[in-house]
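Asker: Let me see the structure of the following:
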Amino acid sequence: MPNSDGMRTLEPVESDDALDRPREACGVFGVYAPGQDVARMTFFGLYALQHRGQESAGIVTTDGQTLHQRRHMGLVQNFREEDLAELPGYAAIGHTRYSTTGSNRIENAQPFLVDGTLGQLALAHNGNLTNTLALLDRLLSDGEQLDSTSDSEMIARLLGSAPGSDYVEKLRRVMPLLQGAYSLTILTPTAVIGVRDPHGVRPLTLGRLQDHWVLASESCAIETLGGVAERDVEPGEIIIIDGDGPDGLHSHVGQESQQRAGCLFEYIYFARPDSVIANRSLYLARQRMGQRLAEEFKPDADVVIGVPDSATPAAQGYAAARGLPYAEGLVKNRYIGRTFIQPDQRLRQLGVKMKFNALGAVLDGKRVVMIDDSIVRGTTVRPLVKLLRDAGAREVHLAISSPPFRFPCYLGLDVARRSELIAARLPDTKDICREVGADSLHYLSLEGLMDAIDLDHSSFCVGCFTGTYPMPVQMDLADKLSLEQVLRTAEPAGASA
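Answerer: This is a model prediction of the structure:
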């Protein structure tokens with residue numbers, strides 16, 4: 001049923017196997033390109049970032065006076081030509097969302113558009129704040145009323161009301177208030193702004209498209225438009241884009257860089273393999289993860305397969321390092337995913353078979369090493385192992401290109417509660433093997449993972465593996481810091497009864 005904006009608010013259905021994957025918060029994009037169709041450019045930039053979030057998408061443009069906004073639930077491709085026609089201007093930002101804080105509703109779709117002391121601004125956020133309740137108390141006591149249950153709207157409203165004669169001054173006042181992870185693209189009537197938190201948890205890349213400037217969560221979005229990625233936005237940096245060429249780009253220190261804490265799962269799983277982060281090819285890093293697995297784990301085997309698509313580079317690296325044949329033992333139906341169509345009970349019982357088929361011609365009678373990037377709850381790997389055995393696999397050995405996932409993430413990665421994490425429930429891999437039906441299991445060591453990425457070991461967050469986080473987190477908020485209940489009962493200052 002459409003809401004007051006004419007937008008459909010049906011919520012997609014997710015299968016159990018989808019819930020067993022670690023998932024990112026979202027992707028952000030920004031472009032300043034006078035004379036270009038910036039709404040269309042933003043659409044295709046978001047399309048390249050679709051893997052980072054499939055719940056909602058939004059675009060805001062500026063014509064120099066007014067900000068124009070369109071948001072939709074569901075995939076980026078739900079935008080139509082008539083939507084783009086309503087988005088005039090020469091600069092734009094966009095967002096594709098998967099919720100970590102705030103439920104899957106149109107009110108939480110980004111970018112958020114607010115009025116501030118310097119006029120309109122729109123904000124798109126990738127990440128998750130860990131001090132949301134304190135920020136909520138501050139906003140309510142200042143008389144602010146939130147339209148959503150998202151921490152991203154809190155950032156927008158804090159920025160809009162912050163003192164300052166320009167956005168650099170405003171951001172310098174707001175950034176120290178924000179605890180957690182945030183990469184932001186911000187649009188004002190005259191500029192595009194990029195901001196990254198002082199730990200650099202979430203990626204943000206600056207690129208060029210001819211003489212124009214582009215910001216994106218990943219370099220692949222810039223290259224999709226024919227642009228070139230120039231560099232990562234530095235932790236704590238503010239980038240103001242208000243013109244073309246070198247004179248249109250202004251870099252400022254928003255907050256002094258702190259101990260770097262980049263998310264390891266960007267390298268393991270989230271980012272597209274054709275992206276580059278910190279001058280590292282993710283495809284090559286994932287191949288090296290497989291090579292390191294081959295050094296650590298050597299069961300007798302006849303064939304190596306990967307769980308498509310994210311584990312393919314690691315599987316290829318593992319097979320090459322051990323001199324074993326690599327094969328596509330699992331075929332993925334790439335059109336199965338989040339859907340608005342409810343499956344009936346018979347289709348629900350098929351579970352993972354709706355998403356994968358096993359190739360008996362490859363697997364029959366073979367001792368198989370299956371590479372995957374992670375195990376969260378175990379609800380995906382169990383039916384996958386059964387699928388391989390049903391196709392004739394004689395043995396199934398699991399090799400995981402990340403360490404065991406034992407703790408929740410509070411910085412923008414959505415996973416189960418700790419009590420649901422299989423590696424937290426069953427610290428002994430033999431117990432996990434019994435539960436999922438595998439002959440053996442090995443997780444890549446944290447040292448092996450770091451060596452594969454080939455960056456300073458101290459520059460990453462390892463909280464989900466070790467329970468040691470780079471900043472304080474509210475460990476009691478096991479429901480991912482959702483504000484739903486708080487906001488249902490909160491009475492905003494000045495609001496009518």
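Asker: what residue ranges in the stretch 51-200 of the chain score low on pLDDT?
Answerer: Low-confidence segments of the stretch 51-200 of the chain (pLDDT under 70): 99-105.
Asker: And the strands in it?
Answerer: Secondary structure of the stretch 51-200 of the chain (DSSP state E, counting those that start in this stretch): strands located at 56-62, 67-73, 91-97, 112-116, 119-129, 180-187, 192-196.
Asker: Can you say which of the ones you listed is nearest to residue 215?
Answerer: The closest of the strands of the stretch 51-200 of the chain to residue 215 is strand 192-196. By Cβ to Cβ, the value is 4.4 Å. C-beta here means a position set from N, CA and C on the backbone, and glycine is covered the same way.
Asker: CA atoms only: put the closest one into CSV for me.
Answerer: C-alpha atoms of strand 192-196 as CSV (Å, rounded to 0.1, in the frame of the first residue of the first chain):
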residue,chain,number,x,y,z
VAL,A,192,28.8,18.3,-1.6
ILE,A,193,30.6,17.3,1.6
GLY,A,194,32.3,14.1,2.6
VAL,A,195,33.2,13.2,6.2
ARG,A,196,34.8,10.1,7.8
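Asker: ok, and what's touching the following helix or strand past it?
Answerer: Using DSSP states H and E, the helix or strand that follows strand 192-196 in sequence is strand 205-209. The contact list for strand 205-209, computed with Cβ atoms under 8 Å, 6 or more residues apart in numbering, reads 31, 33, 41, 194, 213-219, 222-223, 225-233, 239, 277.
Asker: Please flag which of those residues sit within helices.
Answerer: 41, 219, 222, 223 (DSSP state H).
Asker: hang on, residue 294 in a helix?
Answerer: Yes. The assignment for residue 294 by DSSP: H, G, I helix; E, B strand; the rest coil puts it in a helix.
Asker: count of residues packed around residue 279?
Answerer: By other Cβ atoms under 10 Å, 10 other residues sit near residue 279.
Asker: before we move on, back to that, I'd like to know which of the strands of the stretch 51-200 of the chain is closest to residue 417.
Answerer: Across the strands of the stretch 51-200 of the chain, residue 417 has its closest neighbour in strand 119-129 (15.3 Å, Cβ to Cβ).
Asker: Same question for that closest one: list its buried residues.
Answerer: 120, 121, 122, 123, 124, 125, 126, 127, 128, 129 (16 or more other Cβ atoms under 10 Å).
Asker: Same check on stretch 291-310?
Answerer: 291-294, 297, 299, 301-308, 310.
Asker: Ramachandran angles for residue 302?
Answerer: phi -110, psi -30 (degrees, to the nearest 10).
Asker: which residues touch the closest residue to it other than its chain neighbours?
Answerer: Closest residue to residue 302 apart from its sequence neighbours, by Cβ to Cβ, 6 or more residues apart in numbering: residue 366 at 4.3 Å. By Cβ under 8 Å, 6+ apart, the contact set of residue 366 is 302, 303, 392, 393, 394.
Asker: give me that answer again for 10 Å
Answerer: By Cβ atoms under 10 Å, 6 or more residues apart in numbering, the residues touching residue 366 are 301-303, 305, 325, 327, 329, 388, 391-396.
Asker: now do residue 389
Answerer: 358, 363, 368, 395, 396, 437, 438.
Asker: Residue 217: neighbour count?
Answerer: Neighbour count of residue 217, defined by other Cβ under 10 Å: 33.
Asker: these two touch, right, it and residue 45?
Answerer: Yes. With contact defined as Cβ atoms under 10 Å, residue 217 counts as touching residue 45 (9.4 Å).
Asker: Find residues that contact each of those two.
Answerer: 27, 28, 29, 96.
Asker: Please identify, among these, the one with the most neighbours.
Answerer: The residue in the shared contacts of residue 217 and residue 45 with the most neighbours, by other Cβ under 10 Å, is residue 28 (36 neighbours).
Asker: Mean confidence (pLDDT) on the host helix or strand of it, please.
Answerer: Element membership for residue 28 (DSSP H and E) is strand 26-32. Averaging pLDDT along strand 26-32 gives 96.
Asker: In its sheet, which strands sit next to it, and in what direction?
Answerer: Strand 26-32 has the following strand partners under DSSP bridges: strand 91-97 (antiparallel), strand 212-216 (antiparallel).
Asker: which one of those lies closest to residue 283?
Answerer: strand 212-216 (17.9 Å).
Asker: Next, count neighbours for residue 182.
Answerer: 28.
Asker: list the contacts for it?
Answerer: 25, 28, 123, 125-129, 151-152, 155, 175, 195-199, 201-202, 204, 411-412.
Asker: rerun that using 6 Å as the cut-off
Answerer: Contact partners of residue 182, counting by Cβ atoms under 6 Å, 6 or more residues apart in numbering, are 125, 127, 197.
Asker: Out of these, which comes closest to residue 427?
Answerer: When the contacts of residue 182 are compared against residue 427 (criterion: Cβ to Cβ), the nearest one is residue 127, at 29.7 Å.
Asker: pretty sure the closest one contacts residue 179?
Answerer: No. Judged on Cβ atoms under 6 Å, residue 127 makes no contact with residue 179 at a distance of 11.1 Å.
Asker: what about the helices in the stretch 301-450 of the chain?
Answerer: Counting by DSSP state H, counting those that start in this stretch, residue ranges of the helices within the stretch 301-450 of the chain are 312-322, 345-350, 360-363, 381-390, 422-425, 429-436, 446-453.
Asker: Let me know which of these is tucked in deepest.
Answerer: helix 312-322 (a mean of 23; mean count of other Cβ atoms under 10 Å).
Asker: Which strands or helices does that helix pack on?
Answerer: Applying 3 or more Cβ pairs under 6 Å, 6 or more residues apart in numbering; DSSP states H and E, we find helix 312-322 packed against helix 282-296, strand 303-306, strand 367-372.
Asker: Give me the contact list for the longest one.
Answerer: Counting by Cβ under 6 Å, 6+ apart, helix 282-296 makes contact with 267, 271, 273, 275, 313-314, 317-318, 321-322, 399, 401, 444, 448, 452-453, all of which sit outside it.
Asker: which of those sit farthest apart?
Answerer: 275 and 322 (27.3 Å).
Asker: contacting residues around the strand holding residue 28?
Answerer: By Cβ under 6 Å, 6+ apart, strand 26-32 touches 38, 41-42, 45-46, 49, 52-53, 91-98, 124, 126, 185, 192, 213-217, 221, 241.
Asker: hmm, 7 Å instead?
Answerer: 38, 41-42, 45-46, 49, 52-53, 91-98, 124, 126, 183-185, 192, 194, 212-217, 221, 241, 248 (Cβ atoms under 7 Å, 6 or more residues apart in numbering).
Asker: ok, now stretch 212-221?
Answerer: When contacts are defined by Cβ under 7 Å, 6+ apart, stretch 212-221 is touched by residues 27-33, 36, 45, 48-49, 52, 126, 183, 185, 192, 194, 203-208, 222, 225, 227, 229, 241, 244, 248-249, 271-272, 274-276.
Asker: one more time with 6 Å
Answerer: So stretch 212-221 is contacted by 27-33, 45, 48-49, 126, 185, 194, 203, 205-207, 222, 227, 229, 241, 244, 249, 271-272, 274-276 (Cβ under 6 Å, 6+ apart).
Asker: right, so of the helices and strands packed on helix 312-322, which gets closest to residue 431?
Answerer: Closest approach to residue 431 among the helices and strands packed on helix 312-322 is made by strand 367-372 (18.1 Å; Cβ to Cβ).
Asker: what packs against the closest one?
Answerer: strand 303-306, helix 312-322, strand 395-400.
Asker: re earlier: pipe the helices of the stretch 301-450 of the chain into JSON lines and attach distance to residue 85 per row.
Answerer: As requested, these are exported to JSON lines (distance: least, Cβ to Cβ, whole Å):
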{"stretch": "helix 312-322", "distance to residue 85": "39"}
{"stretch": "helix 345-350", "distance to residue 85": "38"}
{"stretch": "helix 360-363", "distance to residue 85": "49"}
{"stretch": "helix 381-390", "distance to residue 85": "45"}
{"stretch": "helix 422-425", "distance to residue 85": "49"}
{"stretch": "helix 429-436", "distance to residue 85": "51"}
{"stretch": "helix 446-453", "distance to residue 85": "44"}
